[in-house]
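Undergrad: this one's sequence-less:
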């Protein structure tokens with residue numbers, strides 16, 4: 001298993017319908033189990049925070065298997081900037097697209113944020129990149145071989 005777990009987080013702004021954001025989170029994470037907490041924005045506006053975790057290998061593999069070959073290639077090409085020194089890799093998925101049941105990797109702001117903890121010891125930036133790159137390249141090869 002390459003990842004210990006995947007953490008999903010999305011903010012529900014006061015102007016948004018929480019049930020729609022829940023639907024988007026459920027589509028991306030493929031789980032109905034999530035934690036709900038409250039926060040306050042800079043201007044005093046209420047913000048709901050929804051979080052989910054996937055920890056089983058089958059769930060994590062199924063999540064990444066849903067990504068297109070192009071998105072997986074984008075991830076491989078940007079692993080350097082997506083990975084921190086503690087071995088976490090960060091992804092963003094468009095919240096509006098997720099509500100429409102489309103999984104769209106993005107760098108925008110209105111997102112469902114995902115971070116994955118790479119299973120390496122010792123956990124370093126370079127080792128996390130190396131191990132995750134192998135994983136994503138294997139997924140890409142498998143997807144491309146299915147097209148043949």
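TA: Perfect, thanks for sending it. As the structure is a prediction and not an experimental result, all values here were calculated from the model.
Undergrad: how about the strands in the chain?
TA: In the chain, the strands defined using DSSP state E lie at 3-12, 35-40, 46-54, 88-94, 111-118.
Undergrad: need these in CSV with mean pLDDT, can you?
TA: Listed next are these as CSV, based on pLDDT from 0 to 100:
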stretch, mean pLDDT
strand 3-12, 97
strand 35-40, 95
strand 46-54, 97
strand 88-94, 96
strand 111-118, 97
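Undergrad: possible to save those as TSV with mean neighbour count?
TA: Any C-beta I mention is one placed from the backbone N, CA and C, and that applies to glycine too. Formatted as TSV, those follow (neighbours: other CB atoms under 10 Å):
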stretch	mean neighbour count
strand 3-12	20
strand 35-40	10
strand 46-54	17
strand 88-94	20
strand 111-118	21
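Undergrad: Please render those strands as CSV that adds distance to residue 127 to the earlier fields.
TA: Formatted as CSV, the strands of the chain follow (distance: least, CB to CB, whole Å):
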stretch, distance to residue 127
strand 3-12, 14
strand 35-40, 30
strand 46-54, 22
strand 88-94, 12
strand 111-118, 8
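Undergrad: Output the longest helix belonging to the chain.
TA: helix 125-147 (DSSP state H).
Undergrad: Once you drop chain neighbours, what's closest to residue 11?
TA: Excluding its sequence neighbours, the residue lying closest to residue 11 (CB to CB, 6 or more residues apart in numbering) is residue 47, at 5.5 Å.
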